[in-house]
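Visitor: Pasting a predicted model and its sequence here:
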Amino acid sequence: MKFRNRSNLTKIQLDMTPMIDVVFQLIIFFMCTLKVSEPEGDFEISMPLGAPNAAAVSDAQLPPFKVRLQAGADGRLAALTFNGTNLGSGESAFAKLNSEVLRAVNALGAIGKEQQEKQEVEIDSDYNLNYRYIINAIGACSGRMQNGTTVRYISKIKFAPIRQQ
């Protein structure tokens, strides 16, 4: 068996520099096109943990604003109340809720900015209420959009313990 020109066979060496350049260009491209935006629907919500301990007494806090959502037989909103004031039902009730929360927050702002930041909203809803009404209430209590920017009213929203069916 005769081998031909065995000494001329050389291995082809790959130059990795262009491949690394392409990788870095892709990384720079994705970094430049990344748009950081505020996540939609990001609510600071405190779910109830159960019955509160009598021994666990915190510092003097303002009582939370109470939002009560009552459901009809078909799961629709029958009545919406804010601190005992009936605001009606339907989509107009959420606009009234938004204005009532704004009025209450502005009244707290006169006391002090730190009191305004500590204020909470407690949402108490019936078991069979459609979920979209709860989301509408959260949106009405947390703030509104004005000229493309979010105006925050209250960022601390919690839920009352679930009522029995």
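Guide: Ah, there it is.

Visitor: All the strands of the chain, residue numbers only.
Guide: 45-46, 65-71, 77-82, 85-88, 120-125, 143-146, 149-152, 156-159 (DSSP state E).

Visitor: now the second one, how far from the chain's geometric center?
Guide: By that I understand strand 65-71. 19 Å (Cα atoms, centre = their mean, to the nearest Å).

Visitor: Strand partners (parallel or antiparallel) of that strand?
Guide: Paired neighbours of strand 65-71 in the sheet (DSSP bridges): strand 77-82 (antiparallel), strand 120-125 (parallel).

Visitor: What of the last one?
Guide: Strand 156-159 has its sheet partners listed here by DSSP bridges as strand 45-46 (parallel), strand 120-125 (parallel).

Visitor: The strands of the chain: which one's closest to residue 133?
Guide: Proximity to residue 133 (Cβ to Cβ) singles out strand 77-82 among the strands of the chain, at 4.7 Å. To be clear about C-beta, it is placed using only N, CA and C from the backbone, and glycine gets the same treatment.

Visitor: Would you mind giving the strands paired with strand 65-71 as a markdown table with distance to residue 30, mean pLDDT and mean neighbour count added?
Guide: Output for the strands paired with strand 65-71, formatted as a markdown table (distance: least, Cβ to Cβ, whole Å; pLDDT from 0 to 100; neighbours: other Cβ atoms under 10 Å):
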| stretch | distance to residue 30 | mean pLDDT | mean neighbour count |
| --- | --- | --- | --- |
| strand 77-82 | 45 | 88 | 20 |
| strand 120-125 | 40 | 87 | 19 |
